[in-house]
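Participant: what follows is a protein structure lacking sequence information:
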């Protein structure tokens, strides 16, 4: 009898531990998806003045560009129009390589070029969180590809980071800025896509939208053109509140409301990394 009771207790403790571990994964995934990765910035439908309540992650922004005409797809757990029928491996492969289960490459507006760096634990956390999203039936228009889509890993993101690497503040900042695909917007185009080799963080890319036209600013360490003469507090205010040094508002599509929910430690790590980005005038 005692043996049976002990076995039952052991099983209960094991199950409780597994449940707690899963809960921790979901919390981490929630944090990543809804802060630095700003997934809802594209995948949630918008309507004045902001996201449409109750429709989170059911499909969002559209782009009609020379390479493609696409709409950010439904990533809820709906089986017909979302990710409900995708396996965990399918989701991870799409995030790391930009490849759908049917082998079709995702449009390059989806920043999978940056996601190869995601640690194994964080990837599991993201998937765990996506599985908790309530199913919302919403079919977005099928993508139209006007030319082949090519997956090019962002320099430094070719392999998943390990948890041990996060102890280095600069590496942690690079990791966060990379999964947040900061340089996707803040680097201008060259002859073969974003000029990461010659103009990393220089800014100048244009983003038209309901807000008018935004031009990404220089986020290098330049003291004249970049963030070199900004204090950490001023940079944090810009990231989380969308305000310049002089207090005037910055425009979307930068996801200020998402970044406002980041921990101060993570914001500090991002800034520590940005201080190392070579100055570009």
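Facilitator: Cool, the structure landed. It should be emphasised that the depicted structure is a prediction, and the values quoted were computed from it without experimental measurement.

Participant: quick one: distance of stretch 215-232 to the chain centre.
Facilitator: 22 Å (C-alpha atoms, centre = their mean, to the nearest Å).

Participant: may I see the buried residues of it?
Facilitator: Neighbour counts over stretch 215-232 (16 or more other C-beta atoms under 10 Å) mark 216, 217, 218, 219, 220, 221, 222, 226, 227, 230 as buried. Yep, even glycine has a C-beta here, placed from its N, CA and C like the rest.

Participant: buried stuff in stretch 182-197?
Facilitator: Within stretch 182-197, the residues scored as buried using 16+ other C-beta under 10 Å are 182, 183, 184, 185, 186, 187, 188, 194, 196.

Participant: secondary structure element for the second one?
Facilitator: Counting by DSSP states H and E, the element that carries residue 183 is helix 182-186.

Participant: what segments of the stretch 51-200 of the chain are helices?
Facilitator: With helices called from DSSP state H, counting those that start in this stretch, the stretch 51-200 of the chain shows them at 88-97, 120-130, 169-179, 182-186, 196-199.

Participant: the strands in this protein, which residues?
Facilitator: Ranges of strands within the chain are 46-47, 50-51, 62-65, 68-71, 144-145, 189-190, 193-194, 206-209, 212-215, based on DSSP state E.

Participant: just these: most buried one?
Facilitator: Ranked by mean neighbour count under mean count of other C-beta atoms under 10 Å, these are led by strand 68-71, which reaches a mean of 19.

Participant: name the strands paired with that strand and say parallel or antiparallel.
Facilitator: Strand 68-71 has the following strand partners under DSSP bridges: strand 62-65 (antiparallel), strand 144-145 (antiparallel).

Participant: and it, how far out from the chain's middle?
Facilitator: On the basis of C-alpha atoms, centre = their mean, strand 68-71 sits 19 Å off its chain's mean C-alpha point.

Participant: what residues does that strand touch?
Facilitator: Residues outside strand 68-71 that contact it (C-beta atoms under 8 Å, 6 or more residues apart in numbering): 59-63, 107-109, 140-141, 143-147, 149.

Participant: among the residues you listed, which ones are buried?
Facilitator: If we count by 16+ other C-beta under 10 Å, the contacts of strand 68-71 have these buried: 59, 60, 61, 107, 108, 109, 140, 143, 149.

Participant: nearest to residue 239, of the strands of the chain?
Facilitator: Among the strands of the chain, the nearest to residue 239 by C-beta to C-beta is strand 212-215 (14.9 Å).
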